[in-house]
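> With the input below, show me the fold.
(one chain, ligands or ions: 1)
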Amino acid sequence: MLEDTLERRTAPALALLAEHGRYRRAISTFPSLTPVCLSALATGAHPDVHEIPHLVWYHRGEQRLVEYGSSFGAVRAAGTKQSLIDTVYELNASHLGRSAVTVYEALEDAGLTAAAVNITCYRGRTEHRPTVPFLTRPAQGPSRFFFYNLFESDVTGAPLSVRNRPRGTIDAYAAAVGRWLVTRDGFDFLVFYLSDYDYASHAVGPDAAHNVLRGALARCDDAVGGLIEAAGGADQFLEHYAVILCADHGQTQVDEVVRLQDTFPGAIVTASNRAGMVYSEGDADELAARLDGNPGVDVVLYREGEEAVARRDGEELRFTRDGTSGDAAILDHPQGLERAWAALANPNAGELIVSAAAGWEFADLAGRHHAGGGSHGSLLAGDSEVPMLTVGLETLPSSIVEVMPAVLEHFGVAPPAYVRASARA
Ligand SMILES: [Zn+2]
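Alright, predicted model coming up:
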(Lines give C-alpha, C1' and ligand atoms only; values in the text may rest on other atoms or scores of the structure.)
Protein backbone atom coordinates (compact mmCIF):
# COMPACT_ATOMS: atom_id res chain seq x y z
CA MET A 1 0.00 0.00 0.00
CA LEU A 2 2.74 2.47 0.91
CA GLU A 3 4.62 1.67 -2.32
CA ASP A 4 1.46 2.36 -4.33
CA THR A 5 1.07 5.63 -2.52
CA LEU A 6 4.62 6.72 -3.12
CA GLU A 7 4.36 5.86 -6.77
CA ARG A 8 0.95 7.39 -7.33
CA ARG A 9 1.59 10.36 -5.11
CA THR A 10 -1.91 10.14 -3.75
CA ALA A 11 -0.84 10.81 -0.16
CA PRO A 12 0.87 14.19 -0.24
CA ALA A 13 2.67 14.12 3.11
CA LEU A 14 4.10 10.61 2.65
CA ALA A 15 5.02 11.42 -0.94
CA LEU A 16 6.84 14.55 0.21
CA LEU A 17 8.92 12.48 2.64
CA ALA A 18 9.59 9.87 -0.07
CA GLU A 19 10.83 12.57 -2.46
CA HIS A 20 13.39 13.73 0.08
CA GLY A 21 14.32 10.33 1.51
CA ARG A 22 15.67 6.88 0.81
CA TYR A 23 13.44 3.83 0.70
CA ARG A 24 13.79 0.05 0.95
CA ARG A 25 11.90 -2.98 2.20
CA ALA A 26 13.09 -4.05 5.67
CA ILE A 27 12.40 -7.06 7.90
CA SER A 28 10.40 -7.25 11.13
CA THR A 29 11.02 -9.58 14.07
CA PHE A 30 9.30 -12.89 14.95
CA PRO A 31 6.56 -13.44 15.97
CA SER A 32 5.64 -10.47 13.77
CA LEU A 33 3.01 -9.17 16.21
CA THR A 34 2.72 -5.65 17.57
CA PRO A 35 3.94 -5.98 21.19
CA VAL A 36 6.96 -8.00 19.98
CA CYS A 37 7.66 -5.63 17.06
CA LEU A 38 7.22 -2.35 18.95
CA SER A 39 9.55 -3.66 21.66
CA ALA A 40 12.08 -4.51 18.91
CA LEU A 41 11.78 -0.98 17.48
CA ALA A 42 12.16 0.64 20.91
CA THR A 43 15.08 -1.51 22.15
CA GLY A 44 17.00 -2.34 18.96
CA ALA A 45 16.77 -6.03 19.80
CA HIS A 46 14.88 -9.19 18.98
CA PRO A 47 12.92 -11.07 21.70
CA ASP A 48 16.04 -12.87 22.98
CA VAL A 49 16.93 -9.51 24.59
CA HIS A 50 13.62 -7.66 25.00
CA GLU A 51 11.79 -10.83 26.19
CA ILE A 52 8.28 -9.96 24.94
CA PRO A 53 7.39 -13.26 23.23
CA HIS A 54 3.92 -12.89 21.68
CA LEU A 55 0.58 -11.12 21.88
CA VAL A 56 -0.44 -13.85 24.34
CA TRP A 57 1.94 -15.97 26.42
CA TYR A 58 2.33 -18.00 29.59
CA HIS A 59 4.13 -16.33 32.49
CA ARG A 60 6.06 -19.21 34.11
CA GLY A 61 7.04 -17.19 37.21
CA GLU A 62 3.46 -16.14 37.95
CA GLN A 63 1.90 -19.31 36.46
CA ARG A 64 -0.69 -17.43 34.45
CA LEU A 65 -1.54 -16.22 30.96
CA VAL A 66 -0.59 -12.76 29.73
CA GLU A 67 -2.95 -11.47 27.03
CA TYR A 68 -2.18 -8.04 25.54
CA GLY A 69 -5.36 -7.87 23.44
CA SER A 70 -5.80 -10.52 20.73
CA SER A 71 -9.56 -9.86 20.73
CA PHE A 72 -12.25 -8.72 23.17
CA GLY A 73 -13.14 -12.38 23.70
CA ALA A 74 -9.55 -13.38 24.42
CA VAL A 75 -9.15 -10.48 26.84
CA ARG A 76 -12.31 -11.58 28.66
CA ALA A 77 -11.04 -15.18 28.75
CA ALA A 78 -7.72 -14.11 30.29
CA GLY A 79 -9.42 -11.65 32.68
CA THR A 80 -10.26 -8.14 31.50
CA LYS A 81 -8.71 -6.34 34.47
CA GLN A 82 -5.50 -8.40 34.34
CA SER A 83 -5.19 -7.81 30.56
CA LEU A 84 -5.54 -4.06 31.06
CA ILE A 85 -2.86 -4.09 33.77
CA ASP A 86 -0.55 -6.24 31.63
CA THR A 87 -0.93 -4.03 28.55
CA VAL A 88 -0.88 -0.65 30.26
CA TYR A 89 1.72 -1.39 32.96
CA GLU A 90 3.39 -4.78 33.15
CA LEU A 91 4.64 -5.02 29.56
CA ASN A 92 6.99 -2.16 30.44
CA ALA A 93 7.24 -2.46 34.23
CA SER A 94 8.08 -6.16 34.47
CA HIS A 95 7.85 -8.12 31.17
CA LEU A 96 10.32 -6.07 29.13
CA GLY A 97 13.82 -7.50 29.69
CA ARG A 98 15.95 -5.75 32.32
CA SER A 99 19.03 -5.96 30.10
CA ALA A 100 17.20 -4.23 27.23
CA VAL A 101 17.62 -0.46 26.93
CA THR A 102 14.83 1.59 25.35
CA VAL A 103 15.53 4.42 22.96
CA TYR A 104 13.92 6.82 25.46
CA GLU A 105 16.18 5.65 28.31
CA ALA A 106 19.31 5.90 26.15
CA LEU A 107 18.50 9.38 24.80
CA GLU A 108 17.30 10.90 28.07
CA ASP A 109 20.33 9.50 29.93
CA ALA A 110 22.34 11.53 27.39
CA GLY A 111 20.41 14.69 28.30
CA LEU A 112 17.98 14.73 25.35
CA THR A 113 14.18 15.00 25.54
CA ALA A 114 12.18 12.01 24.25
CA ALA A 115 8.46 11.92 23.49
CA ALA A 116 6.21 8.91 22.86
CA VAL A 117 2.64 8.92 21.56
CA ASN A 118 0.54 5.73 21.87
CA ILE A 119 3.42 3.23 21.51
CA THR A 120 2.98 0.21 23.81
CA CYS A 121 6.73 -0.08 24.50
CA TYR A 122 7.39 3.16 26.36
CA ARG A 123 9.68 2.42 29.33
CA GLY A 124 11.54 5.54 30.44
CA ARG A 125 12.91 7.32 33.50
CA THR A 126 10.08 9.73 34.35
CA GLU A 127 7.17 8.84 36.60
CA HIS A 128 3.73 9.79 35.27
CA ARG A 129 0.47 9.74 37.22
CA PRO A 130 -2.51 8.34 35.30
CA THR A 131 -5.07 10.86 34.05
CA VAL A 132 -8.11 8.59 34.58
CA PRO A 133 -9.61 7.52 37.92
CA PHE A 134 -9.77 3.77 37.15
CA LEU A 135 -5.96 3.56 37.02
CA THR A 136 -4.13 4.18 40.27
CA ARG A 137 -0.44 3.35 39.73
CA PRO A 138 2.05 5.66 38.03
CA ALA A 139 4.01 4.49 34.97
CA GLN A 140 7.64 5.14 33.99
CA GLY A 141 7.80 6.72 30.54
CA PRO A 142 9.85 9.26 28.62
CA SER A 143 9.50 12.83 29.88
CA ARG A 144 6.90 13.63 27.19
CA PHE A 145 4.48 10.73 27.42
CA PHE A 146 1.03 10.30 25.86
CA PHE A 147 -0.78 6.97 25.99
CA TYR A 148 -4.41 6.85 24.81
CA ASN A 149 -5.53 9.54 27.31
CA LEU A 150 -4.47 7.23 30.16
CA PHE A 151 -1.19 9.05 30.68
CA GLU A 152 -0.57 12.59 29.45
CA SER A 153 2.52 14.45 30.54
CA ASP A 154 1.07 17.72 29.22
CA VAL A 155 -2.41 19.14 28.75
CA THR A 156 -2.80 19.35 24.96
CA GLY A 157 -6.53 19.57 24.41
CA ALA A 158 -6.39 16.41 22.22
CA PRO A 159 -9.75 14.63 21.86
CA LEU A 160 -10.54 11.32 23.59
CA SER A 161 -8.79 8.49 21.74
CA VAL A 162 -11.22 5.59 22.14
CA ARG A 163 -14.52 7.21 21.09
CA ASN A 164 -14.83 5.45 17.73
CA ARG A 165 -11.91 3.28 16.68
CA PRO A 166 -13.20 2.24 13.21
CA ARG A 167 -13.54 5.93 12.31
CA GLY A 168 -9.98 6.67 13.33
CA THR A 169 -10.27 8.39 16.71
CA ILE A 170 -7.10 6.74 18.06
CA ASP A 171 -4.94 8.22 15.33
CA ALA A 172 -6.86 11.50 15.56
CA TYR A 173 -5.72 11.69 19.20
CA ALA A 174 -2.12 10.93 18.19
CA ALA A 175 -2.32 13.55 15.43
CA ALA A 176 -3.53 16.25 17.82
CA VAL A 177 -0.81 15.45 20.37
CA GLY A 178 1.85 15.35 17.62
CA ARG A 179 0.82 18.77 16.31
CA TRP A 180 0.91 20.17 19.84
CA LEU A 181 4.44 18.80 20.41
CA VAL A 182 5.83 20.04 17.09
CA THR A 183 4.25 23.47 17.52
CA ARG A 184 6.11 23.86 20.82
CA ASP A 185 9.33 22.27 19.58
CA GLY A 186 8.74 20.02 22.57
CA PHE A 187 11.20 17.16 21.95
CA ASP A 188 14.51 16.10 20.48
CA PHE A 189 13.06 12.69 19.55
CA LEU A 190 9.43 11.70 18.98
CA VAL A 191 7.83 8.29 18.43
CA PHE A 192 4.55 8.90 16.67
CA TYR A 193 2.66 5.61 16.48
CA LEU A 194 -0.41 5.30 14.24
CA SER A 195 -2.31 2.03 14.66
CA ASP A 196 -5.59 2.56 12.81
CA TYR A 197 -4.28 1.29 9.47
CA ASP A 198 -3.48 -2.10 11.04
CA TYR A 199 -6.97 -2.19 12.55
CA ALA A 200 -8.61 -1.45 9.18
CA SER A 201 -6.46 -4.00 7.36
CA HIS A 202 -7.39 -6.75 9.86
CA ALA A 203 -11.02 -6.05 9.13
CA VAL A 204 -11.07 -6.00 5.32
CA GLY A 205 -7.78 -7.71 4.37
CA PRO A 206 -4.53 -6.08 3.28
CA ASP A 207 -5.03 -6.50 -0.48
CA ALA A 208 -8.54 -5.10 -0.72
CA ALA A 209 -8.78 -2.07 -3.01
CA HIS A 210 -11.19 -0.96 -0.38
CA ASN A 211 -12.43 2.44 0.71
CA VAL A 212 -11.81 1.43 4.31
CA LEU A 213 -8.08 1.05 3.59
CA ARG A 214 -7.94 4.18 1.44
CA GLY A 215 -9.62 6.10 4.24
CA ALA A 216 -7.20 4.73 6.84
CA LEU A 217 -4.20 5.61 4.69
CA ALA A 218 -5.56 9.10 4.04
CA ARG A 219 -5.89 9.62 7.80
CA CYS A 220 -2.26 8.43 8.28
CA ASP A 221 -1.18 10.92 5.67
CA ASP A 222 -3.21 13.68 7.34
CA ALA A 223 -1.60 12.88 10.68
CA VAL A 224 1.90 13.13 9.22
CA GLY A 225 0.87 16.19 7.23
CA GLY A 226 -0.28 17.80 10.48
CA LEU A 227 3.25 17.50 11.89
CA ILE A 228 4.71 19.11 8.75
CA GLU A 229 2.21 21.94 8.91
CA ALA A 230 2.85 22.48 12.63
CA ALA A 231 6.57 22.89 11.85
CA GLY A 232 5.72 25.76 9.50
CA GLY A 233 5.63 23.84 6.22
CA ALA A 234 7.77 21.40 4.27
CA ASP A 235 11.00 23.42 4.13
CA GLN A 236 11.08 24.14 7.83
CA PHE A 237 10.04 20.59 8.73
CA LEU A 238 12.80 19.03 6.60
CA GLU A 239 15.38 21.49 7.87
CA HIS A 240 14.49 20.87 11.49
CA TYR A 241 13.85 17.11 11.62
CA ALA A 242 15.24 13.81 10.40
CA VAL A 243 12.55 11.14 9.92
CA ILE A 244 12.30 7.35 9.99
CA LEU A 245 8.95 6.20 8.62
CA CYS A 246 8.24 2.48 8.89
CA ALA A 247 5.72 -0.17 9.83
CA ASP A 248 6.29 -2.69 12.61
CA HIS A 249 5.04 -5.70 10.59
CA GLY A 250 3.19 -6.57 7.38
CA GLN A 251 -0.18 -8.25 6.89
CA THR A 252 -1.46 -11.08 4.72
CA GLN A 253 -4.93 -12.24 3.76
CA VAL A 254 -6.31 -15.13 5.87
CA ASP A 255 -9.24 -17.34 4.94
CA GLU A 256 -8.84 -20.47 7.07
CA VAL A 257 -8.51 -21.13 10.79
CA VAL A 258 -7.01 -23.94 12.86
CA ARG A 259 -7.25 -24.43 16.62
CA LEU A 260 -3.77 -25.48 17.83
CA GLN A 261 -5.35 -26.15 21.23
CA ASP A 262 -7.01 -29.29 19.80
CA THR A 263 -3.62 -30.84 18.96
CA PHE A 264 -2.22 -30.42 22.48
CA PRO A 265 -4.84 -31.39 25.06
CA GLY A 266 -3.50 -30.76 28.57
CA ALA A 267 -0.75 -28.40 27.40
CA ILE A 268 -0.88 -24.61 27.62
CA VAL A 269 -1.32 -23.22 24.11
CA THR A 270 -1.08 -19.49 23.44
CA ALA A 271 -2.15 -18.85 19.86
CA SER A 272 -3.19 -15.63 18.18
CA ASN A 273 -3.15 -14.32 14.64
CA ARG A 274 -0.43 -16.24 12.73
CA ALA A 275 1.84 -17.48 15.54
CA GLY A 276 1.36 -19.97 18.34
CA MET A 277 3.28 -21.23 21.37
CA VAL A 278 2.99 -24.53 23.20
CA TYR A 279 4.15 -24.68 26.81
CA SER A 280 4.77 -28.30 27.76
CA GLU A 281 7.38 -30.36 29.60
CA GLY A 282 6.81 -33.19 27.11
CA ASP A 283 9.28 -34.42 24.49
CA ALA A 284 9.58 -31.55 22.00
CA ASP A 285 10.25 -33.86 19.02
CA GLU A 286 7.08 -35.80 19.74
CA LEU A 287 5.02 -32.64 20.29
CA ALA A 288 6.29 -31.04 17.07
CA ALA A 289 5.59 -34.22 15.10
CA ARG A 290 1.90 -33.90 15.98
CA LEU A 291 1.74 -30.92 13.61
CA ASP A 292 3.23 -32.82 10.63
CA GLY A 293 0.76 -32.56 7.78
CA ASN A 294 -1.31 -29.83 9.45
CA PRO A 295 -2.21 -27.50 6.55
CA GLY A 296 -2.31 -24.45 8.84
CA VAL A 297 1.32 -24.88 9.91
CA ASP A 298 4.37 -23.71 7.98
CA VAL A 299 7.20 -24.37 10.47
CA VAL A 300 7.49 -25.61 14.07
CA LEU A 301 10.51 -24.37 16.07
CA TYR A 302 11.97 -25.80 19.27
CA ARG A 303 15.22 -26.19 21.17
CA GLU A 304 17.12 -29.44 21.65
CA GLY A 305 20.04 -28.78 23.97
CA GLU A 306 22.43 -26.34 22.32
CA GLU A 307 20.69 -26.70 18.97
CA ALA A 308 17.47 -25.34 17.56
CA VAL A 309 15.22 -27.37 15.29
CA ALA A 310 12.89 -26.14 12.55
CA ARG A 311 10.46 -28.84 11.45
CA ARG A 312 8.06 -29.03 8.53
CA ASP A 313 6.10 -32.21 7.77
CA GLY A 314 8.74 -34.48 9.32
CA GLU A 315 11.73 -32.82 7.65
CA GLU A 316 14.18 -31.04 9.95
CA LEU A 317 16.70 -28.26 9.87
CA ARG A 318 19.07 -28.14 12.86
CA PHE A 319 20.81 -24.88 13.59
CA THR A 320 22.87 -22.92 16.09
CA ARG A 321 24.10 -19.33 15.99
CA ASP A 322 27.02 -20.59 13.92
CA GLY A 323 25.67 -23.04 11.35
CA THR A 324 22.98 -25.35 10.03
CA SER A 325 22.52 -28.98 9.04
CA GLY A 326 19.56 -30.44 7.19
CA ASP A 327 17.09 -28.95 4.74
CA ALA A 328 17.93 -25.22 4.63
CA ALA A 329 14.75 -24.52 2.62
CA ILE A 330 12.69 -25.06 5.81
CA LEU A 331 13.85 -21.65 7.11
CA ASP A 332 14.46 -19.71 3.90
CA HIS A 333 12.20 -16.91 5.20
CA PRO A 334 13.53 -13.34 5.36
CA GLN A 335 16.24 -13.38 8.06
CA GLY A 336 14.68 -16.73 9.01
CA LEU A 337 17.54 -18.29 10.98
CA GLU A 338 18.32 -15.15 12.96
CA ARG A 339 14.68 -14.42 13.81
CA ALA A 340 13.86 -18.04 14.69
CA TRP A 341 16.92 -18.31 16.95
CA ALA A 342 16.09 -15.08 18.76
CA ALA A 343 12.44 -16.08 19.29
CA LEU A 344 13.53 -19.43 20.81
CA ALA A 345 16.21 -17.78 22.97
CA ASN A 346 13.51 -15.71 24.73
CA PRO A 347 13.06 -17.14 28.26
CA ASN A 348 9.31 -16.40 28.03
CA ALA A 349 8.77 -18.35 24.78
CA GLY A 350 6.91 -21.65 24.71
CA GLU A 351 8.77 -24.93 24.23
CA LEU A 352 7.31 -24.94 20.71
CA ILE A 353 6.84 -21.89 18.52
CA VAL A 354 4.52 -22.41 15.55
CA SER A 355 4.53 -20.21 12.45
CA ALA A 356 1.36 -20.33 10.32
CA ALA A 357 1.13 -21.30 6.65
CA ALA A 358 0.02 -18.75 4.05
CA GLY A 359 -3.71 -18.00 4.28
CA TRP A 360 -4.16 -19.55 7.74
CA GLU A 361 -4.73 -18.15 11.17
CA PHE A 362 -4.64 -19.71 14.65
CA ALA A 363 -7.78 -19.22 16.78
CA ASP A 364 -7.12 -17.27 19.99
CA LEU A 365 -8.13 -18.07 23.61
CA ALA A 366 -11.76 -17.28 22.81
CA GLY A 367 -11.74 -18.96 19.38
CA ARG A 368 -11.66 -15.57 17.60
CA HIS A 369 -9.82 -14.96 14.33
CA HIS A 370 -9.72 -12.62 11.30
CA ALA A 371 -10.68 -15.13 8.56
CA GLY A 372 -11.87 -13.13 5.56
CA GLY A 373 -9.59 -10.27 6.57
CA GLY A 374 -5.92 -9.64 7.29
CA SER A 375 -3.48 -11.03 9.84
CA HIS A 376 0.23 -11.34 10.66
CA GLY A 377 2.65 -13.00 13.06
CA SER A 378 4.44 -15.62 10.93
CA LEU A 379 7.95 -15.83 9.49
CA LEU A 380 6.61 -15.57 5.93
CA ALA A 381 7.61 -12.54 3.87
CA GLY A 382 4.14 -10.96 3.67
CA ASP A 383 3.86 -10.73 7.46
CA SER A 384 7.52 -9.86 7.91
CA GLU A 385 8.38 -7.24 5.32
CA VAL A 386 7.87 -3.56 6.14
CA PRO A 387 8.39 -0.30 4.29
CA MET A 388 11.39 1.65 5.59
CA LEU A 389 11.92 5.28 4.61
CA THR A 390 14.52 7.63 6.07
CA VAL A 391 14.90 11.35 5.54
CA GLY A 392 18.05 13.20 6.61
CA LEU A 393 19.60 10.17 8.23
CA GLU A 394 23.01 8.56 7.91
CA THR A 395 21.67 4.99 7.60
CA LEU A 396 18.76 3.11 6.04
CA PRO A 397 17.83 0.21 8.38
CA SER A 398 17.35 -3.23 6.82
CA SER A 399 15.59 -4.54 9.94
CA ILE A 400 13.31 -2.94 12.51
CA VAL A 401 15.97 -3.76 15.16
CA GLU A 402 18.33 -1.35 13.36
CA VAL A 403 15.98 1.62 13.90
CA MET A 404 16.91 2.33 17.53
CA PRO A 405 20.68 2.19 16.82
CA ALA A 406 20.15 4.50 13.81
CA VAL A 407 18.40 7.01 16.08
CA LEU A 408 21.19 6.84 18.67
CA GLU A 409 23.81 7.25 15.93
CA HIS A 410 21.99 10.35 14.67
CA PHE A 411 22.23 11.91 18.13
CA GLY A 412 25.81 10.70 18.72
CA VAL A 413 24.76 8.44 21.60
CA ALA A 414 26.56 5.08 22.02
CA PRO A 415 24.31 2.04 21.51
CA PRO A 416 23.90 -0.63 24.21
CA ALA A 417 26.43 -3.50 24.22
CA TYR A 418 23.98 -6.01 22.74
CA VAL A 419 23.62 -3.83 19.62
CA ARG A 420 27.41 -3.65 19.19
CA ALA A 421 27.65 -7.45 19.66
CA SER A 422 25.01 -8.23 17.00
CA ALA A 423 26.65 -5.76 14.56
CA ARG A 424 29.90 -7.77 14.87
CA ALA A 425 28.18 -11.14 14.33
ZN1 LIG B 1 -2.30 -6.21 13.73
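> Just confirm residue 102 contacts residue 125, I think it does.
No: contact criterion C-beta atoms under 8 Å: residue 102 and residue 125 do not qualify, at 9.6 Å. Where you see a C-beta, it was placed from the backbone N, CA and C, and this is true even at glycine.
> So between those two, which is more surrounded?
residue 102 (28 against 14; other C-beta atoms under 10 Å).
> give the contact list for that one.
With contact set as C-beta atoms under 8 Å, 6 or more residues apart in numbering, residue 102 has these partners: 42-43, 96, 121-124, 404.
> what's the answer for residue 379, then?
So residue 379 contacts 30, 32, 298-299, 331, 333-334, 336, 339-340, 355 (C-beta under 8 Å, 6+ apart).
> Leaving out the residues flanking it, which one is nearest to it?
Nearest non-adjacent residue to residue 379, counting by C-beta to C-beta, 6 or more residues apart in numbering: residue 333, 4.0 Å away.
> burial count for that neighbour?
By other C-beta under 10 Å, neighbour count at residue 333 equals 21.
> Quick check: phi and psi at the closest residue to residue 11 other than its chain neighbours.
Leaving aside its sequence neighbours, residue 11 sits nearest to residue 221 (C-beta to C-beta, 6+ apart; 3.7 Å). Dihedral pair for residue 221: phi -60, psi -40, per degrees, to the nearest 10.
> wait, residue 221 sits on residue 16?
No: with contact defined as C-beta under 8 Å, residue 221 does not reach residue 16; the gap is 9.7 Å.
> Now for the two: what residues contact both?
Counting by C-beta under 8 Å, 6+ apart, residue 221 and residue 16 have no common neighbour.
> Give the closest residue to residue 313 in space, chain neighbours not counted.
Here the residue nearest residue 313, using C-beta to C-beta, 6+ apart, is residue 292, at 5.1 Å.
> you'd agree residue 28 is up against residue 38?
No: in this structure residue 28 lies outside contact range of residue 38 using C-beta under 8 Å: 10.5 Å.
> which of the two has more neighbours?
For residue 28 versus residue 38, the count of surrounding residues by other C-beta under 10 Å is larger for residue 28: 30 against 24.
> List phi and psi for the more buried one.
Backbone torsions of residue 28, given as degrees, to the nearest 10, read phi -80, psi -160.
> what's the distance between it and residue 182?
Per C-beta to C-beta, to the nearest Å, residue 28 is found 28 Å from residue 182.
> and residue 205, what does it touch?
253, 372-374.
> quick one: which of these sit in strands?
253, 373-374 (DSSP state E).
> Make a markdown table out of these and add pLDDT and distance to residue 393.
Output for the ones in strands among the contacts of residue 205, formatted as a markdown table (pLDDT from 0 to 100; distance: C-beta to C-beta, whole Å):
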| residue | pLDDT | distance to residue 393 |
| --- | --- | --- |
| 253 | 96 | 33 |
| 373 | 94 | 34 |
| 374 | 96 | 30 |
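> Filter the residues you listed down to the buried ones.
253, 373-374 (16 or more other C-beta atoms under 10 Å).
> Could you export these as a markdown table, including distance to residue 134?
What follows is those, written out as a markdown table (distance: C-beta to C-beta, whole Å):
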| residue | distance to residue 134 |
| --- | --- |
| 253 | 37 |
| 373 | 31 |
| 374 | 32 |
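> Appreciated, that's everything.
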